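Trainee: Predicted model, plus sequence, below.
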Amino acid sequence: MIVHVKMTPPLEIKELSRVYSMGDVKVKALNNVSFEISRGEFVAIMGKSGSGKSTLLHQLGLLDMPTSGQIIFDGKNLLELSESLKARFRLSKFGYVFQEYALLPELSALENVYLPAIALGRNEDDYIKAGTEILEQVGLGARLHHRPRELSGAAGHCDCKSTYKQT
Ligand SMILES: Nc1ncnc2c1ncn2[C@@H]1O[C@H](COP(=O)(O)OP(=O)(O)OP(=O)(O)O)[C@@H](O)[C@H]1O
Ligand SMILES: [Mg+2]
């Protein structure tokens, strides 16, 4: 007997819309966008300026609330989560690399890397060890205690915060 199992894609975007209201003016930044992303798939979002790329990423990153639609991850609609569960989901599942630096200038490279782990309540020995290993992997093992302004531009852009989640 052959059993066909339909695999649900881990990330499904269903009819996502985001309308910005500014007084009487309504800007439809996203208009019923639907697509799926499979595990391990690498996706680039392209479009002309103003076409809604940043708006879409803000919705996918749970940083903004769409006007309508669903974001399904592993079968759950993430938009139905409470704010605290969304925060927890962001901390444990997502990595963001922003166009501008998202490093705290007063913290060292190591502290910047393990900050999300503190928010997740992981223990100190664990996050110092994991943070150190991550910085070593990206060639910054000798710069653990340097502040962001003491690192080169490219080093400051390392995706260390998201890497932490995979350890
Ligand atoms: N906070 C906001 N309030 C009102 N309108 C907004 C807001 N943010 C974006 N928009 C409008 O929504 C539309 C999509 O903007 P968005 O920033 O998502 O585009 P983009 O594709 O990221 O553009 P770019 O390539 O220039 O970064 C644009 O018309 C923009 O003016
Ligand atoms: Mg943009």
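Mentor: Here it is on my side, so go on. Ligands and ions are numbered 1, 2, ... in the order given.
Trainee: Near ligand 1, which residues of the protein? Just list them.
Mentor: Residues of the chain that fall close to ligand 1, judged by CB under 6 Å from any ligand atom: 20, 22, 27, 29, 47, 49-55. Using the backbone N, CA and C atoms, a C-beta is placed for each residue, glycine as well.
Trainee: show me where this protein has strands.
Mentor: For the chain, the strands defined by DSSP state E occupy 11-22, 25-37, 68-73, 76-77.
Trainee: Nearest approach to ligand 2 belongs to which of these?
Mentor: Closest to ligand 2 of those is strand 25-37 (CB to the ion; 10.2 Å).
Trainee: Run through the residues that contact the closest residue to residue 108 other than its chain neighbours.
Mentor: Leaving aside its chain neighbours, residue 108 sits nearest to residue 145 (4.6 Å; criterion: CB to CB, 6 or more residues apart in numbering). By CB atoms under 8 Å, 6 or more residues apart in numbering, residue 145 lies in contact with 108-110.
Trainee: Would you mind trimming these to those in range of ligand 2?
Mentor: Of the residues in the contacts of residue 145, proximity to ligand 2 by CB under 5 Å from the ion holds for none.
Trainee: near ligand 2, which residues of the chain?
Mentor: 53-54.
Trainee: Could you list the domains of the protein?
Mentor: For the chain, the structural domains run 11-93, 109-165, going by automatic domain parsing.
Trainee: Take those domains and write them to a markdown table, including mean pLDDT.
Mentor: Supplementary listing: the domains of the chain in a markdown table, determined by pLDDT from 0 to 100:
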| stretch | mean pLDDT |
| --- | --- |
| domain 11-93 | 94 |
| domain 109-165 | 84 |
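Trainee: Quick check: which of those domains has the most neighbours on average?
Mentor: The highest mean neighbour count among these, using mean count of other CB atoms under 10 Å, belongs to domain 109-165: a mean of 16.
Trainee: so how far is that one from its chain's centroid?
Mentor: 16 Å (CA atoms, centre = their mean, to the nearest Å).
Trainee: now stretch 49-56
Mentor: Centre to centre, stretch against its chain (CA atoms, centre = their mean), the figure for stretch 49-56 is 16 Å.
Trainee: hmm, back to that, output the residues of the chain next to ligand 1 in TSV; the columns should cover distance to residue 152.
Mentor: Formatted as TSV, the residues of the chain next to ligand 1 follow (distance: CB to CB, whole Å):
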residue	distance to residue 152
20	37
22	40
27	38
29	35
47	31
49	29
50	33
51	33
52	33
53	28
54	26
55	32
